[in-house]
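Student: coordinates for the following, if possible.
(2 chains)
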Amino acid sequence: MSADKRRKIVEISHLEKYFGTLKALDQVSLDIYDGEKTVIIGPSGSGKSTLLRTINQLETFDRGRIIVDGMDISDKNTDINKVREEIGMVFQSFNLFPHKTVLENVNMAQMIVRRRSRDEAAAISEGFLQKVGILDKKNEYPQKLSGGQQQRVAIARALAMKPKLMLFDEPTSALDPEMIGEVLGVMKNLALEGMTMIVVTHEMGFAREVADRVIFMDYGKIIEEGRPDALFRTPTQERTRLFLKQILKAM
Amino acid sequence: MKTKNIIRQIASIATLFAAWQILAVVVANPALPTPGSAFLVFFREISAGLWNHFLISGWRVLASILLSLLVGVPLGLWLGREEKYDRFFSPMLYLTYPIPKIVFLPLVMVLFGLGNFSKIFLITLVVFFQILVTTRDAARNVSPALILSVVSLGAKRRDIYRHVIWPAIIPDIFTALRIGSGTAIAVLFFAESIASSEGLGYYLMDAWSRYAYPEMFAGIIAMGVLGYTLYLTIDILDKKICSWKRL
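Tutor: Okay, the predicted model is just below:
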């Protein structure tokens, strides 16, 4: 696969971020290509979520450069909201609006950010709710839904913005075990359709099955990266090997 | 379901009156008339001037609550979301919040006279604080995760205020209103009982000074009705506006 011929969606170079004196990101460089599925793994506190959040500037960074779809987000003249419109994000907690129905939840950002009319937004919303298999709940309020269902609505809400890139920040970590499958299923379908995705997760099965590339982070650094079969079977770094051993034992 | 609720409400009120009746019979003193005689006087008095006092008091309370909302909610929203300003204003707030504002009645009367405005001002002064503090704390406690998720969708600051923070604090504003309306009536009574010639507070104190106990109780009933009407209105608005809350 000659990834270099494809378009770069995200270019991260020499990224550094401090939380006080703690180096949260240490010389992180990473290119994400159009259509690529990247899974980031690593122990908690390794900087993987922080890295993800710098891409849409939910976290700032201290040094380095990030270019998203040609827009340099370290440039003060870049309208960060324009960048965010192109990046969908799904969080660990589902963060739906409790005072809006499922359909309204998916409509809202389309209407206030993309300036779509209600009808236009609703048509798009219904399409994505169908896709994540939850259209029949469109008139329910979020608290009537299970965690897995809420997370699927959150995915539909992000997709309805028609992003070029989807970020998933431990999307199944807050879910009961029996609901993890339905959310991963939706993500797998999305991957099959060619969506560019960066996923922070502990679901190694998902990584193995879906990822083009797995990145292992620790202490704010990229320790090792590679194709999932290679990285899982024959990690070159001791720290990767230890982490994988621990996480596979826990599963 | 609906009729059941109405039956429950009526049962609740009936229990209260039964307790009153028993107490009146036990105490057997003119200072505590039975509910029957109090209501007889209440209905007689309503057509003979009590209704006017009721309307004046009602208007004063309502105006105070609206004024408190108008000032307290935006200010609370702002302080709740802008930490550096909150740090400046918080000490001021906490120093003045516990002071019983009714001690300022003499000053308020000197500044604003004996009319409607001085009453409304005093009640507003009390209720405003309750609404301000509740709104501020509610705005401060809006889930950061929820805000981040909307930020990640590209929403601007004012969209976040309008579509995330504002709807999230409305239930708390209703709670503040419920607490505030009780306080408002208590302060109203005080403000109207001194150097006043109108309103339920005046009516009550006037009856008291004439040892007209049944009339005094007619005034008490009117005050209860005023409070109950306020609560009902707040409940209906709450159910309408926050229908998503009760599922």
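
Student: show me which residues of the stretch 1-150 of chain A sit near chain B.
Tutor: Residues of the stretch 1-150 of chain A lying near chain B by C-beta under 8 Å from any C-beta of the partner chain: A:56, A:58, A:81-82, A:84-85, A:87-89, A:91, A:93, A:95, A:97-100, A:108-109, A:112-113, A:141, A:143-144. From N, CA and C alone the C-beta is placed, and that goes for glycine too.

Student: model confidence over the longest helix along chain B, on average?
Tutor: Among the segments of chain B that qualify as a helix by DSSP state H, the longest is helix B:51-81. Within the predicted structure, the mean pLDDT of helix B:51-81 is 95.

Student: what's the answer for stretch A:92-107, then?
Tutor: Along stretch A:92-107, the predicted local confidence has a mean pLDDT of 93.

Student: enumerate the residues of chain B near chain A.
Tutor: Taking C-beta under 8 Å from any C-beta as the measure of proximity, chain B contacts chain A at B:143, B:145-146, B:148-156, B:159, B:163-164, B:167-168, B:170, B:242, B:244-245, B:247.

Student: could you tell me which of the residues you listed count as buried?
Tutor: With neighbours counted by 16 or more other C-beta atoms under 10 Å in any protein chain shown, those contain buried members at B:146, B:148-155, B:159, B:163-164, B:167-168, B:170, B:242, B:244.

Student: now do the helices in the chain.
Tutor: Just so you know, I chose chain A. Shown for chain A, the helices assigned by DSSP H span residues A:48-55, A:80-85, A:102-112, A:118-131, A:147-159, A:177-192, A:204-210, A:228-233, A:238-250.

Student: ah, I was thinking of chain B
Tutor: According to DSSP H, the helices that chain B contains are B:2-27, B:35-45, B:51-81, B:83-96, B:105-112, B:116-140, B:144-152, B:157-160, B:166-193, B:200-209, B:213-241.

Student: most tightly surrounded among those?
Tutor: Neighbour counts (mean count of other C-beta atoms under 10 Å in any protein chain shown) averaged over each of these peak at helix B:116-140, with a mean of 22.

Student: helices and strands around that helix, which ones?
Tutor: Using 3 or more C-beta pairs under 8 Å, 6 or more residues apart in numbering or on different chains; DSSP states H and E, the elements in contact with helix B:116-140 are helix B:51-81, helix B:83-96, helix B:105-112, helix B:166-193.

Student: quick check: mean pLDDT of the shortest one?
Tutor: Same thing as helix B:105-112. Computed over helix B:105-112, the average pLDDT equals 91.

Student: same for that helix, what does it pack against?
Tutor: Helix B:105-112 makes packing contacts with helix B:116-140 when contacts are defined by 3+ C-beta pairs under 8 Å, 6+ apart.

Student: name the nearest residue to the closest residue to chain B within the stretch 101-250 of chain A, sequence neighbours excluded.
Tutor: Closest residue of the stretch 101-250 of chain A to chain B, C-beta to the nearest C-beta: A:A109 (3.9 Å). Leaving aside its sequence neighbours, A:A109 sits nearest to B:L153 (C-beta to C-beta, 6 or more residues apart in numbering or on different chains; 3.9 Å).

Student: what pLDDT does that neighbour get?
Tutor: Taken from the predicted model, the pLDDT recorded for B:L153 is 90.

Student: thinking again about what came up before, and the helices of chain B as a markdown table, adding distance to A:M195?
Tutor: What follows is the helices of chain B, written out as a markdown table (distance: least, C-beta to C-beta, whole Å):
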| stretch | distance to A:M195 |
| --- | --- |
| helix B:2-27 | 49 |
| helix B:35-45 | 71 |
| helix B:51-81 | 34 |
| helix B:83-96 | 38 |
| helix B:105-112 | 65 |
| helix B:116-140 | 36 |
| helix B:144-152 | 16 |
| helix B:157-160 | 26 |
| helix B:166-193 | 31 |
| helix B:200-209 | 67 |
| helix B:213-241 | 38 |
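
Student: beta partners for A:V68?
Tutor: Taking DSSP bridges as the rule, A:V68 bridges to A:V10, A:M71.

Student: what's the neighbour count on it?
Tutor: By other C-beta atoms under 10 Å in any protein chain shown, the residues close to A:V68 number 25.

Student: would you check that A:F206 makes contact with A:G185?
Tutor: No - contact between A:F206 and A:G185 fails when scored by C-beta atoms under 8 Å: they sit 9.8 Å apart.

Student: comparing the two, which shows the higher neighbour count?
Tutor: In this view A:F206 and A:G185 are compared by other C-beta under 10 Å, and A:F206 has more residues nearby, 25 against 15.

Student: gap between the more buried one and A:T234?
Tutor: According to C-beta to C-beta, to the nearest Å, A:F206 and A:T234 sit 20 Å apart.

Student: what's the answer for B:L67, then?
Tutor: According to C-beta to C-beta, B:L67 and A:T234 sit 73 Å apart.

Student: low-confidence stretches in the chain?
Tutor: Reading this off chain A. Counting by pLDDT under 70, chain A contains low-confidence ranges at A:1-5, A:250-251.

Student: not what I meant, chain B
Tutor: Residue ranges of chain B with pLDDT under 70: B:1, B:245-247.

Student: nearest to A:R152, out of the helices of chain B?
Tutor: Shortest distance between A:R152 and those, using C-beta to C-beta, is found for helix B:144-152: 14.7 Å.

Student: ok, residues contacting the closest one?
Tutor: The list of residues contacting helix B:144-152 from outside it, by C-beta atoms under 8 Å, 6 or more residues apart in numbering or on different chains, reads A:56, A:58, A:84, A:87-89, A:91, A:93, A:95, A:97, A:109, A:154, A:158, B:159-160, B:163-165, B:168.

Student: do stretch B:182-192 as well
Tutor: Applying C-beta under 8 Å, 6+ apart, the external contacts of stretch B:182-192 come out as B:57, B:60-61, B:64-65, B:101-102, B:105, B:118-119, B:122-123, B:126-127, B:130, B:198-202, B:204-205, B:223, B:226-227, B:230.
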